[in-house]
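Asks: next one to model:
(chains A, B, C and D)
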Amino acid sequence: MTDLVLPWLGLVMLGLCGTAAMAAVSGDRAAGLGSLVACGAGALAALLHLLAGAPEARLAVPLGLAGRSGLLAIDGVSSLFLLLVMTIGVAASAASLDRHGPPSATAPAFPVFLAGMALTLLAGDGVTLVLGFEAMSLASFILVATDHREETVRKAALLYLGIAGLGAVCLVAALGLMGETGVGFDAIRAHPPRGVRAVAVLVLVLIGAGSKAGLAPLHVWLPPAHAAAPGHVSALMSGAMTKVALYVIVRVLFDLAGAGQPGWFGVPLIAMGLAGAVIGALRANMETDIKAVLACSTVENVGLIAIGLGLAFAARAADLPSLAGLALGAALLHAMGHGVFKGMLFLGAGSILHGAGSRLMERLGGLIRPMPYTACAMLLGAACLAGLPPSAGFAGEWLLFQSVLSGIRLGGLGVQIAICVLAGGMALATALAASAAVRLVGVALLGRPRTPRAAAATESGPPLRWAVILLGLLSLGMGLVPSLVLGLAEPALQHLSQGGMAQRAGLLTLSPHLDGPGYLPLGVALLLGFGVAVIAAVLRARAVAGHRTGPAWDCGFGAPPPWLPNGDPATQYAGGSFAQPLRRALGVALLDADETVVMPPPDDVAPARFAEHSVDPADRLLFAPAGRLRAVISGLADRMTFLTVRQSLAVLFAALVLFLVVVAVLEQA
Amino acid sequence: MIGFEPWLVPLAPLAAALLLGLVSDAALGAWIAIAATGAGFAASLLLPSTMGAGTYILVDALSAHVAMLTAFVGFTTALYSRRYIARAIASGALDAGRAREYHVLFMTFLGFMLLALLSNNLGVTWVALEAATISAVLVVGLPRTANAIEASWKYFLLCGVGIGLALFGTVVLYLAALPALGPGYDAMSWTALAHAAPQCRGTLLNLAFVFLLLGYGTKAGLAPLHGWMPDAHAEGPTPVSAVLSGSVLNVALVVILRVRGIMDSNADALAPGPPIMAMGLLSVLLAAFSLWGRRDAKRFFAFSSIEQSGVAAFAFGLGGAAVFAGLLHMTVHTLAKSAVFQCIGLAAQRRGSQLFAHLGGLLVSDRALALTLAAGILAIAGLPPFGLFASEMLIMGETIRRIPLLAAALGLGLVVGGWALAARLITLCLGAPPATPPIGQPTIWVSLAPAWIHLALIVMLGLAMPQAVQAWLATAAQASQ
Amino acid sequence: MTALAGLISLCLHAVLMVASAPLLVGLIRRLKARLAGRAGPPVAQPWRDLKRLLRKQPVVADTASWLFRAAPAAAAAAIGTAALLVPSFAFGMATASVSDLLVIVGLLALGRCVLALAAMDTGTAFGGLGASREMMFAVFAEPVLMLVALTLSLLAGTTNLDTIASVLGSGALGLRVSLALALGALMAVAIVECGRIPADNPATHLELTMVHEAMVLEYSGRHLALIELSAAMKLLLWFTLIATLFAPLGIASPGLAPLAWALGIAIWVAKMGLLAVALAVFEMTRAKLRVFRVPEFLGVAVLLALLAAVLLLVSQGFA
Amino acid sequence: MERMAIGTLSYDAAHLLGALVLALSFGLLSQRRLGPVINAYAMQAIVLAAAAAWQAHVQHAPELYLTAAVALGAKGVAMPLALHAIVRRLRIGKSVETALGIFPTMALGVALVALAVLVVLPTTTQSQTLARDDLSLALSVVLLGLLMMISRRTAITQVIGFLSLENGLILAAVSVNGMPLVVELSVAVLVLVGFVVFGVFFFRIRAEFDSLETDHLDRIGSGHR
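Replies: Now for the predicted structure:
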């Protein structure tokens, strides 16, 4: 049966391409249905492969550079990520069937996007990997540009494509450094890069794949691009694509570069991860577009995962296989969990956009009543986002914290102090994420509708609901029985770190050390359920039943005017106001945030104005200066190009004389 | 061993040029051009079966390959020109007389280019390129606008000097070969030179190389000798921009590649790679940064041609396995760039301007055109499944394995250039179109078909290159060394 | 046998926590009143309040959704579950193997988030105000907790509370400066988390001083009863946590030992009393901080916790 | 065909004529008035024709006589006349506007000659001295022609610089022993050169390139580039 996995998955990819062709002719529905079927088949294959112990397999395909054939390969790592991608793919395809509005011209790119991700995961050589990666970039760019008439969408698409180009060049270079172009992974493993070359590979992969994963400081494209893309696409981009990029990092650094690399290779991963986690989580508290909030939280979670990966790398090099297994297991568990719940959140956000007509928090509110399914999904997702037990988010973060705490064994005092800072930083990031989650749900879903459009919101259709329910159940399951995920990840862990989690994760418990105490999510859930049941029973027995409704007390705030039967919704806290404490406490230092209040003089009836502004440090410190430098060089280049005829001839003359002088000098020597 | 076919390739367009001089009907003229270029292309397809070298004609894999490519682009451009010129006449941009001039000059240009490629004699190559240059200058000046005339003058003067330098290089090369080959035609023949290169005089070879590199480098648009290219591309008729970008650069690059091969086999000569790489890299970087400030679409893509020509030159300078990649790059770029220029020409006709400010939002107004154009631009930006991805990946891989630091510079150029292309792709295709209504009928598939053929070929070359094509290109790369 | 003992001690613990939480609040109020020279309400007054609230039918804002009504029970369940994980008088309760410090932190966060959401649900200005401030405090409190957990896990090799307390209680480690620093940091967090002076004032409804009270402003009847109870339980939980971690004396070993349990309960009550006195005195001598000074207050706690960890690393030399 | 050696008449004469061509290049550079520049160019072409004829004689290559005739007729007579006509017809100012000054240009020219000699020098080790020495002369002429193109502002002087550059090319071509296609090449060069002169008419370039180019930049530059 295992021989059939790769042909089967190859067929899945072919099917996706066929779906794209079909969609080009007959529209979105074909794209959605075809992708749904193909992704289902793909997920099934990956699952069966993992259950069979993930035996490795290879398959040559007539696809590749310059007459060479490409190689598909599958092992535990690719299979695990493939399962995630295909699962989210199923949900996203289903959700795409619920599209509102006119058919989109970009529908054919959707299956191609899925196929590109699958190809990246199944690549058995560098060229195929890059081919898949780029197909993924290109297709997602097209999808991001779906609503291209909006200026912001075009800007986001440009930023995305530009950074994707940067990543592509770096990735090609990284793979080029590791061996002859087009050579299979086995050959690279046999001769892993050493010394400076390995460092270059590290840097290039971190830029190449890290930019796609959203590692700081290359994360700036995520918020605008995710906000611009349709909901089911951002679900895939955030849930699946960032994980595919992480897979590439794992594949290259852990697998292809071999176990002989120095431990400090983990440090940049950890540093970038921590920076991304804190900045992402803080920005998630500042953004007012719900999809941008979710994208920022993706930056945060990818940062956390990267910390786990970095720790695992350092631990593996320090010959601490059990710690390596723990950290890597934590990273993989959180990656899987995040993929599922972030996919669900983005589907929910898409549903809100369609149902309530806006992505801006300031225009939403009170959606929990008209959109119950969406609201439940968002609530569940927000719990994961905030890392609340017993959600999937908590399980991953708990294991990550455990690996950080165990990471104290990695080195001397300097390393240990760094680990302390890391632990504090991660805690800060998770707490910020919790705040962002509360803000997101509280402002967008709860309270009173801020606009008439939000008051008239409608729930999405059945396909989207089913998609959300699927991801919701999965996320619940992963939260309650995370060992199942770790069980599926066991072949990958064995392959990458020599130390798995099998000994430490029982059927129900997670524990950081062999036969030590751990975390029993099902137990916590049972206790919680028990508590609720007891409370309900006591209340039933001892308290007065039922309740009355009345206007909100609000410290005796004035009665609403007759034309605002629900009170003035503008008096509620909105995104900006909710963020104010954090903006003042942390935003000023980290995001260069400022607030401008324009208060009219006492007699003036003009409205008071408030504006706030913040900049991502990556923008301020990296991209803006780089842009200015680019402009300066462009100006110089233009001056070198737009010359008069005489000046052009002078340049030619100078070049000629220069060459002659060089020749003369070299010949004399 | 050499039949009549190789002669037929350049002769078909040249004969058509003579014939066209007598035909005043524009429509008929266009069909004659199509027939002649078609015949030339068909004859060029026979080239692989008639490989060999004569006194005047050299058909090896390299020349056959580039000749087929040039003849093919000439053919599709002629197909495209038919409707383009008809529309230009209809809109009053050209009169019938100039249309005739256009066809004549275009055929002359194409014929001499093919002759330059297939000639086995440096002198003939030089003369043919000179003639091609003059006809190109005239055709660039054809729109008779002040800008066009000035662009063609600039083109002419710079390329004239360049061509002069190339002649000097040719003489010195002959001089260098004299002791090995003795006086006579042999010392000017590519094949004999390639054989006798080890016995040539190294110091003279160096001198010849400097002049040939700068002379033909001017034609190849390599920085810092590229001053003529943006204006000539921007102001000339669009079909010509397509061919200028596609084939003139190739012919010049092929000559440089052959000279490089001669230098390589001589132990006394200096290494030819570094200067070629330096000029290639400078072109890439300069053009990549220059792309950003452009407001004129054709000028923009001319800069992109400089960049791509630089990439190919860089690969040729790198040598070894990179020559194959460079050839592939050249081939694919020719196809992609002419497709893009064809689309830009159609768009410019629809909007009556070639400025980006007036060309935006094509996806809304002319969907098929916009999609074709977008595919072309993505191809040039080096994204899969298009062939430039493959060639750039091979070049990048080869560079980083051999000279990692240069790979950083090349990568920088590709990223900066790719970003600019992405920006312009978005300006051109996405967004809302300008309020002014487009001119004339919407673009129909007949106008776009040549571009589609090009793009299909590029996809084939990028994604799944047939073994035979790969072997063929490898032979061509081998032929230069 | 051990399992049975664990179950019994857990039940005892649960009853103890629920029953004495309102009493602790009453005690503190009484102490504060005495310190202020007033007579003060009886210690059992909070229990009576709860009973009275249960008899009243709640009024729910017409803008609120089901979440508003479900939140008190959920928050109480979360805090109650957390309370079940903190050993008070005996080790080896049935929950011992899962009484993870990070899980407790997570459960407390769950309670906090649920209440914050409920506060937002009525769509009033005060709810949002309280929620946003509460979440900001948590942002600064979590790093402290994490660093304290790190310090403790360095000592005990695990984050399991039961194990940590046993190790600390075995006396093998002696007195340590870093533990004192960690205690200081943890107390600061406890004060903020429980909404006590100087971070928040549990006794006022003045708009500008309140955080926690602003969140629950709209609640009444049985909902309010649950919230008050869970707030009290949270305070008790923190007291117990601090007592168990830093003064693990007299806590019974695992196993069925009714006598030791009785002794343990007595000692635990004494500890709670002491802490109540300390808190009452502390609150009487402090003024409430401005809301934006609280991050500074917690920032000091972060530094303390970091210092604790670093000092421990320096002295212990883990590698 | 006999080998030529230093000291023989054939070598001396060829060398002398080559040197004369180079000297006339300096003459071109030194002139401040347009008329004498054109005349100096005519002189150079005539000397070139003589050099070609002499080469035809010593190499026994009759086709070189044709080259000589072409050089004499077209470049020595027709082209200068045409240039004079242009100057009259387009009312071009009679003075040569330099971008560099006469003396610095000359000094630079001497440096270029030195460079040319230096570059060609390493080839002395073997025979064929004639070609070698003439090569350095021709290279100098080419470089000086290019120098003239960039150091003079007036369009017409630039064109003359170009023409003189081409003279250097022909000088190189004719002095190489038995080079085939010389006639064809020289005719092709003539076409190119003729085209340049024709271009001056055609493009009606009255003033200097620079001012014209500046206009060009302004016009195309604003909003078009």
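
Asks: would you mind listing what in the stretch 151-300 of chain B touches chain D?
Replies: Contacts of the stretch 151-300 of chain B with chain D, taken as C-beta under 8 Å from any C-beta of the partner chain, map to B:153, B:156-157, B:160-161, B:163-165, B:167-168, B:171-172, B:174-175, B:178-179, B:183-185, B:187-188, B:201, B:203-204, B:207, B:230-231, B:234, B:293-296, B:299. Using the backbone N, CA and C atoms, a C-beta is placed for each residue, glycine as well.

Asks: centroid-nearest residue for chain C?
Replies: For chain C, the residue nearest the mean C-alpha position is residue C:238 (2.9 Å; C-alpha atoms, centre = their mean).

Asks: my guess is that residue contacts residue C:190, does it?
Replies: Yes - Residue C:238 is within contact range of residue C:190, at 4.0 Å (criterion: C-beta atoms under 8 Å).

Asks: average model confidence for stretch B:410-417?
Replies: For stretch B:410-417, the mean pLDDT works out to 94.

Asks: can you pull the contacts of whatever residue of the stretch 501-650 of chain A ends up closest to chain C?
Replies: Nearest to chain C, among the residues of the stretch 501-650 of chain A, is residue A:573, at 2.2 Å (C-beta to the nearest C-beta). The contact partners of residue A:573, by C-beta atoms under 8 Å, 6 or more residues apart in numbering or on different chains, come to A:442, A:443, A:447, C:120, C:125, C:127, C:128, C:129, C:131, C:132.

Asks: and if you look at residue D:30?
Replies: D:102, D:106.

Asks: what's the pLDDT at it?
Replies: pLDDT for residue D:30: 87.

Asks: now name the helix or strand holding residue A:401.
Replies: helix A:392-406 (DSSP states H and E).

Asks: and the residues of the stretch 151-300 of chain B next to chain D, which of them are buried?
Replies: Buried members of these, scored by 16 or more other C-beta atoms under 10 Å in any protein chain shown, are B:153, B:156-157, B:160-161, B:163-165, B:167-168, B:171-172, B:174-175, B:178-179, B:183, B:185, B:187-188, B:201, B:203-204, B:207, B:230-231, B:234, B:293-294, B:296, B:299.

Asks: give me the below-cutoff pLDDT ranges for chain D.
Replies: Counting by pLDDT under 70, the ranges of chain D that qualify are D:1-7, D:123-132, D:200-225.

Asks: tell me, what residue is most central in it?
Replies: residue D:164 (1.7 Å).

Asks: what residues are up against the nearest residue to that one once chain neighbours are set aside?
Replies: Nearest residue to residue D:164, sequence neighbours excluded (C-beta to C-beta, 6 or more residues apart in numbering or on different chains): residue D:145, at 4.1 Å. Counting by C-beta under 8 Å, 6+ apart, residue D:145 makes contact with D:25, D:161, D:162, D:163, D:164, D:165, D:166, D:167, D:168.

Asks: for the helix or strand hosting the residue nearest to the centre of chain D, buried residues please.
Replies: If you go by DSSP H and E, residue D:164 is part of helix D:155-175. The neighbour-count check on helix D:155-175 (16+ other C-beta under 10 Å) flags D:155-175 as buried.

Asks: output the contacting helices and strands for that helix.
Replies: Contacts defined by 3 or more C-beta pairs under 8 Å, 6 or more residues apart in numbering or on different chains; DSSP states H and E place helix D:155-175 against helix B:146-181, helix D:9-30, helix D:34-59, helix D:63-70, helix D:79-89, helix D:129-151, helix D:182-203, helix D:209-221.

Asks: returning to what we had before: what about the residue of the stretch 501-650 of chain A closest to chain C, which SS state?
Replies: Three-state call for residue A:573 (DSSP: H, G, I helix; E, B strand; the rest coil): coil.

Asks: just say helix, strand or coil for the closest residue to residue C:286 other than its chain neighbours.
Replies: Leaving aside its chain neighbours, residue C:286 sits nearest to residue C:198 (4.6 Å; criterion: C-beta to C-beta, 6+ apart). Secondary structure for residue C:198, judged by three-state DSSP, is coil.
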